[in-house]
Every structure is written in structure tokens, then in C-alpha cells.
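Chemist: below are the sequence and a predicted model for it; my questions follow.
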Amino acid sequence: MLTLAKDSTKPDAAVAMGLYSPEKPRLSGVARTKRLNQTDTAKRMMWVAHVTAIRDNEDREAFAELFAHFAPRVKSFLMKSGTSPDMAEECAQDVMATLWRKAAMFDPAKASVSTWIFTIARNRRIDILRKERRPEPEELPWGPEAEPNQEDALALQQETSKLGAALAELPEKQRMLIEKAYFGDLSHSEIAEQTGLPLGTIKSRIRLALERLRHVMK
Amino acid sequence: MQMTDIKHHLTDALLMGYAAGTLPEAFNLVVATHISMCDDCRAALAEFDAVGGEVMMGADSAEMAEDSLTATLNKIANAPAATKVRAQSSGLFPTPLQDYVQGDVDAVKWRKIGGGVSQAILPTSKGATVRLLHIPAGTAVPDHGHRGTELTLVLQGAFVDETDRFGAGDVEVANEDLNHTPVAEAGMDCICLAATDAPLKFNGFLPRMVQRFVGI
């Protein structure tokens, strides 16, 4: 499992409250990565705030920003999965409309906005390409707090930032297979047919990629 | 309905396939039912979903139509807000399974398939099949192998085979390499949810005959 470790250093908390402003001095590689993760986490917290604004105030401006950032990615994801451009446009709109309608169900302590939108897009894809039902797990019972804890939300957004960075740093061969596994609507054996790689190679590269991600997330 | 002492979990390949949306519907049902019972796999799935989100955001974007935002706002204006989350199941079956049975264990339409074992095939799309199995305490399911992958999730009671013991919440992932004779433990009848993407291979002549009629 990619353990979601908490790393709540003060600068990150400052980022969350919008107090952080970038400085200029030269940074070592590690510090630069950390800096990148901080800005990325701040961006994620901003998307979370946008969803909350839709939930509480039906905020169209917040929605327009979310739309500009996420809808083109959703459309591209659907096209890569074998949907025609017209259908992908239509479905990307549906996915964003679902985000609005389900804004009250979004829990930033459980998912980043990118993760949440991905799951909505994936379900829509199953719906249109396969015309299948999608059995979903039972929801966990509500905890004592109706409003998710800010610290938990921040910790989760930081973890997802780290994951995104780790994914981008995977060796090309491994990252390509992870992308195929998520994009193509293909099973591992279908990826084998498509790439001409032996099934065993595909499985071991994906396993290596997951090990790497888990190592980074520790 | 989380169970605490689950020992046998879903594999990475299954969790990733479920997150990516590439598994057949029958497998999705077993995965969703297990996750309803297993906090470890629920947490692992959240991570695989997160990988999907990052893969999606890391790829290039497509250009949206000119009136796209307006069209979407119109869709929003014309659609009702989503309803609240469904309640948790209070019965034996977690809610995703109840959706397919259209009720709890007492709503299952069992059919005897020989040797005291009963089954109920649940309706899913092609590519794989899923069934509920009722195995009386102390009874064996005939020795069989697998052509594809078979997932068996225990909902009640327990079974033991050549590899280990599987209790409520445990899932056994079997492939071509496994020939086994699952036996329901004494004491309580065993109820399982089993999915397979290829017909099972029974190793005796009589079970093979029966198979042609019951469609395992």
C-alpha cells in the first residue's frame, strides 16, 4: 500500500492559508522538489475551496475555473479511451455537471479533486463504452464531524501531490504502461497484444512502477 | 459492514483494474463487495484511484467546443442535485451485492447443482460470470481447476482448500495453476460470491457431465 504519511511542516500550513509567497534564492534539488510540491499542494487546496464554493454558494466563477482546468483533461482522457471527439465533448460536459451536482458529497480528506473527477469520468466511460452497471463499494458511515478536518484534507492533498510527482519521475517504459492501463480500456493481455510485449514483462514493469511509487510515498 | 480479521485480500492487478475500469462487470461486483467489507483494500483502492487522477492530469488536454461552458451550465440548470449517499446494509450482503440480488440473502433464488451445493447466477454483462454459492457445512465442492481467473469471496461461514482457510470477508484469487477442492467448514453453511472469466475445469467425469447442465 502507498501509505499516506503525514508531513505537516509549517510552510505547508502557510501555503494552505494562502500566506506562502515564493522566494528567489537558489535551491538544491531536494528543496526544489519540496518547493514544487508546496505550490502543487496549494493549487490542490484551491480546487478544494472551489468545490466548496459551488456547494455553499453555487459559485459560477469557481466552476468556470474548475471547468477550464479539468474539462479539457477529461475530454482527452475519454478520447484516448476510444470515444469519438463529439462524444468525448458531450461526456466531459456531463462529468463537469456531475461535479456541480455532487459537490456536497466531495470529501477532501479522502480524495484530491483530480482523483474525484477521474472516478466520475471513468464511471461515465464505462457507462457509454460498455453500457454496463458499475457496482460501487458501500459508503463508510459518517464520522462524528460533518465537515472534514482541515488537517486531514491538507495531508491528503500533500500525499496526492507527492504521488503525482513520483509518477512523473517514473522511467518512461514503466510510466507508459501505467498510462495504458488507465487510458486504454484494455486488460493486461490486450496491452500485450497491442504493444507486442510479453504479458510477463508488462506485469513485472507495472509491479516495479508500483513498488517505486510506494517507496516514494513511504 | 467492515470485518476485522480478513487475511486474504485483492491483488494489485485487480485493484488497479477496478480503478481503471477495465475489469468485467462480474469481477467489479466481487471487488466492490469485498471493499465494502475490507478497510485495507478500501484504502488501497483510494490510492489506485489517485494514480488514475494523476495519470489523467499528467496527459495532454483536448480543446473544448466554443460554447462548452455555457452548455454545461445549461445541463446543470436542468438537472436535479444528486441525492444523498445510500445507507449501509444491515443484512448479510453489502449494498453492491444487494443491488444485484434485489434484496438480502433471503431474496436469493437458489438452484440445486448437485452434491448439496446450490447456486444463483447474477445478471452481468458478457466476458465473465458471477454467482452466489451455498455450500452446506462440511460439504466439498468437486475438485476443479481454472482456465481463467476465479475470484471467490466468502460472505458467511468458511471454506478450506489445499492452500488455506478462507473465512468471511476473505477472497481467494485462483488462476490456471490452482487445482483445488474447497470444503465448507463444519458448523455453518458457507455462502460465497464467485466470479470467473472462463468455465471451470472439473477433474472428474461426473462433475463434467453436470457442468454441461448447470453452466458453471
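Modeler: Here it is on my side, so go on. Numbers count the residues shown, from 1 in each chain, chains lettered A, B, ... in the order given.

Chemist: residue most distant from the centroid, chain B?
Modeler: Distance from the centre of chain B peaks at B:Glu66, with 42.6 Å (C-alpha atoms, centre = their mean).

Chemist: helix or strand: which one has the residue nearest the centre of chain B?
Modeler: Nearest to the mean C-alpha position of chain B, counting by C-alpha atoms, centre = their mean, stands B:Val30 at 0.8 Å. Assigned by DSSP states H and E, B:Val30 belongs to helix B:25-37.

Chemist: immediately after that helix, which helix or strand?
Modeler: helix B:39-58.

Chemist: what about that next one and chain A, touching?
Modeler: Yes. Applying C-beta under 8 Å from any C-beta of the partner chain, one finds helix B:39-58 touching chain A at B:40, B:42-47, B:49-58. C-beta: built from backbone N, CA, C; applies to glycine.

Chemist: so is the strand or helix carrying A:Leu156 next to chain B?
Modeler: Assigned by DSSP H and E, A:Leu156 belongs to helix A:150-168. Yes. Using C-beta under 8 Å from any C-beta, helix A:150-168 comes into contact with chain B via A:Glu159, A:Thr160, A:Leu163, A:Gly164, A:Leu167, A:Ala168.

Chemist: any chance of those in CSV, with pLDDT and neighbour count too?
Modeler: Shown next, in CSV, are those (pLDDT from 0 to 100; neighbours: other C-beta atoms under 10 Å in any protein chain shown):
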residue, pLDDT, neighbour count
A:Glu159, 93, 21
A:Thr160, 94, 26
A:Leu163, 94, 22
A:Gly164, 94, 23
A:Leu167, 93, 22
A:Ala168, 92, 10
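
Chemist: shaky segments in chain B?
Modeler: B:1-4, B:82-86, B:143-146, B:199-216 (pLDDT under 70).

Chemist: ok, B:Lys75 - contacts?
Modeler: By C-beta atoms under 8 Å, 6 or more residues apart in numbering or on different chains, B:Lys75 lies in contact with A:Gln93, A:Asp94, A:Ala97.

Chemist: most surrounded residue in these?
Modeler: A:Gln93 (25 neighbours; other C-beta atoms under 10 Å in any protein chain shown).

Chemist: name the nearest residue to A:Asp59, sequence neighbours excluded.
Modeler: Of all residues not flanking A:Asp59 in the chain, A:Ala53 sits nearest, at 3.8 Å (C-beta to C-beta, 6 or more residues apart in numbering or on different chains).

Chemist: what's the local residue count around the one you found?
Modeler: Other residues lying near A:Ala53 total 18 when counted by other C-beta under 10 Å.

Chemist: for it, which three-state class applies?
Modeler: Classification of A:Ala53 into helix, strand or coil gives helix, according to DSSP: H, G, I helix; E, B strand; the rest coil.

Chemist: how far away is it from A:Ala62?
Modeler: 4 Å (C-beta to C-beta, to the nearest Å).

Chemist: and for B:Pro123?
Modeler: Noted for B:Pro123: a distance of 41 Å to A:Ala62, by C-beta to C-beta.

Chemist: quick one: distance of the helix holding A:Leu156 to the chain centre.
Modeler: Relative to its chain's centre, helix A:150-168 lies at 9 Å (C-alpha atoms, centre = their mean, to the nearest Å).

Chemist: alpha carbons of it, in CSV - could you do that?
Modeler: The C-alpha coordinates for helix A:150-168 follow below in CSV (Å, rounded to 0.1, in the frame of the first residue of the first chain):
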residue,chain,number,x,y,z
GLN,A,150,-8.7,20.7,7.5
GLU,A,151,-5.6,19.0,8.6
ASP,A,152,-6.7,15.6,7.2
ALA,A,153,-7.6,17.3,4.0
LEU,A,154,-4.3,19.1,3.7
ALA,A,155,-2.4,15.9,4.5
LEU,A,156,-4.2,14.1,1.8
GLN,A,157,-3.7,16.8,-0.8
GLN,A,158,0.1,16.7,0.0
GLU,A,159,0.2,13.0,-0.4
THR,A,160,-1.5,13.2,-3.8
SER,A,161,1.0,15.9,-4.8
LYS,A,162,3.8,13.6,-4.0
LEU,A,163,2.2,10.8,-5.9
GLY,A,164,1.8,13.0,-9.0
ALA,A,165,5.5,14.0,-8.8
ALA,A,166,6.6,10.4,-8.3
LEU,A,167,4.5,9.3,-11.3
ALA,A,168,6.1,11.9,-13.5
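
Chemist: quick one, that helix and helix B:39-58 angle?
Modeler: 60 degrees (axes from the mean of the first three to the mean of the last three C-alpha atoms, to 10 degrees).

Chemist: quick check: next helix or strand after helix A:150-168?
Modeler: As assigned by DSSP H and E, the chain's next helix or strand after helix A:150-168 is helix A:172-183.

Chemist: now do that following helix and helix B:39-58, the angle between them.
Modeler: For helix A:172-183 against helix B:39-58, the angle by the same axes, to 10 degrees is 100 degrees.

Chemist: show me the contact partners of the helix or strand following helix A:172-183.
Modeler: Per DSSP H and E, helix A:172-183 leads on to helix A:188-195 as the next helix or strand towards the C-terminus. Here helix A:188-195 makes contact (C-beta under 8 Å, 6+ apart) with A:Leu177, A:Lys180, A:Ala181, A:Gly184, A:Leu186, A:Leu197, A:Pro198, A:Leu199, A:Ile202, A:Lys203, A:Ile206, B:Ala13.

Chemist: distance between helix A:188-195 and the chain's centre?
Modeler: Distance, centroid of helix A:188-195 to centroid of chain: 25 Å (C-alpha atoms, centre = their mean).

Chemist: list the buried residues for the following helix or strand past that helix?
Modeler: Of the helices and strands lying after helix A:188-195 in sequence (DSSP H and E), the nearest is helix A:199-217. Neighbour counts using 16 or more other C-beta atoms under 10 Å in any protein chain shown place A:Ile202, A:Lys203, A:Arg205, A:Ile206, A:Ala209, A:Leu210, A:Arg212, A:Leu213, A:Met217 of helix A:199-217 among the buried residues.

Chemist: same deal with stretch B:116-131?
Modeler: In stretch B:116-131, counting by 16+ other C-beta under 10 Å, buried: B:Gly116, B:Val117, B:Ser118, B:Gln119, B:Ala120, B:Leu122, B:Thr124, B:Ala128, B:Thr129, B:Val130, B:Arg131.

Chemist: that one near chain A at all?
Modeler: Yes. Stretch B:116-131 lies within reach of chain A by C-beta under 8 Å from any C-beta, at B:Thr124, B:Ser125.
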